[in-house]
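**Student:** sharing a sequence plus its predicted fold:
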Amino acid sequence: MLWPQRAFSARCGSLWFCQGYCLPWRQSPLSITPRRQQLALGPSKSARMAAILSRTAAFFWLGDTTWSIVNQYTKEEAEFYLEYRRKQGFTVEHVMPLFDGGPGIKTSSGNAAGEEPFLNMNPATPNGAYFANLDHIVKVAQGKGLVVVILPCGGSGGSFVDKKKIVTKENAGAYGRWLGRRYKDMPNIVWANGFDLKPWRYEEIAREFVAGLQEADGGSHLITYHPSGGASSSYFHHEDWLAANIIQTWADYLKIYPMVFSDYMRIPPKPVIMAEGAYEEGSEYPTKPITPLLVRKQAYWSYLAGGFHTYGHNDIWRKNPTWRQALDAPGARQMGILKKIFTARHWWKLVPDQVAKRLSTHQRDQPMVIA
């Protein structure tokens, strides 16, 4: 059942986030709408996005996470991975330039060539040789029509901010300016502020970083915020720089529908991305096993609540020896089926039907949403 839609649009350089309707081409170089979200390409004066998206097609956000791709994957492996995901229908990749591990693993922050991300591990002086890997990934992704969401300050529970104290209030602005200058003309980037922590933690660092980024970037890219499990970036909802809300639930995946719908209904309206739930075959969750059925449920809860979704597999973000086999995991293949179901319809016109939600059933205390 369709309900009246509310309109929202926010421009950031050549990119537009829109909710509720598609803006006419003459108004929006790139649109992302729902009160559902849609990425739709309009004419661009510089044609910067023309190489990425079709002028006639909506862009359906279907993400995947390869946090370690910058320093753990070779160029050849990264290219193989990106092409495989493109063929499977994925359209967005989430990456971390700073990666040193996660639950149950610990690795060097440097790459295979021994390059560290910063000279003297000072973010005010990034190492261009290290970031050449990120340059390559972004360019290859652009050629494949993929958007890259970059989390520059790393994750792993705030490893580079809270644990190692490498990114600080004093150097975050300089780091943001350096990134803004280097990637200003790369059109297929969305920046993700944040540290994989609750958004109110180290807020002063987040603000210094985004100020530096915007100063040098000149508004060329959209910016969001990636929080830790059980949180939403809506803590910053009224900030002008926040173009969309990102949610992470970790093992609390039963909260996906209510959290996405809650952010969907916020004023002013902003797009919602359920960016990190429980990873397929993830070993760290108290609610494991994370089965293909659960992976599907997480994705459908996200889309049916009015948001977008990003998938993830345990072996790929960690780069386990079985990462190539994991590319064909059931959950990954089924994301392609989900995309076909939605894109066969005018999905950008759909809004969550709460009447159907109330009439839905529960199975083993898990909400079952009627599509």
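**Tutor:** Here it is on my side, so go on.

**Student:** pLDDT weak spots in the stretch 51-200 of the chain?
**Tutor:** Along the stretch 51-200 of the chain, segments meeting pLDDT under 70 span 51-57.

**Student:** rerun that using 80 as the cut-off
**Tutor:** Applying pLDDT under 80 to the stretch 51-200 of the chain picks out residues 51-59, 102-106.

**Student:** how about the strands in it?
**Tutor:** Ranges of strands within the stretch 51-200 of the chain are 58-59, 62-65, 92-95, 101-102, 105-106, 147-150, 189-193, based on DSSP state E, counting those that start in this stretch.

**Student:** identify whichever of these lies nearest to residue 278.
**Tutor:** Each of those has some distance to residue 278 by CB to CB; the shortest is strand 62-65, at 11.8 Å. From N, CA and C alone the C-beta is placed, and that goes for glycine too.

**Student:** report the strands that pair with the closest one, each with its relative direction.
**Tutor:** If you go by DSSP bridges, strand 62-65 pairs up with strand 92-95 (parallel), strand 308-311 (parallel).

**Student:** for the last one, output the C-alpha coordinates as CSV.
**Tutor:** Taking Å, rounded to 0.1, in the frame of the first residue of the first chain, the C-alpha atoms of strand 308-311 are listed here in CSV:
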residue,chain,number,x,y,z
PHE,A,308,18.9,1.1,1.8
HIS,A,309,21.1,-1.8,2.9
THR,A,310,24.7,-2.8,2.8
TYR,A,311,25.6,-6.5,3.0
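
**Student:** quick one: list the elements packing against the helix or strand following it.
**Tutor:** Next along the chain after strand 308-311, taking DSSP states H and E as the criterion, comes helix 314-317. Other elements packing on helix 314-317 under the criterion 3 or more CB pairs under 8 Å, 6 or more residues apart in numbering; DSSP states H and E are strand 62-65, helix 323-326.

**Student:** out of these, which is the most enclosed?
**Tutor:** Neighbour counts (mean count of other CB atoms under 10 Å) averaged over each of the helices and strands packed on helix 314-317 peak at strand 62-65, with a mean of 23.

**Student:** what's near enough to touch residue 116?
**Tutor:** 109, 110, 127, 130 (CB atoms under 8 Å, 6 or more residues apart in numbering).

**Student:** sweet, I'm off.
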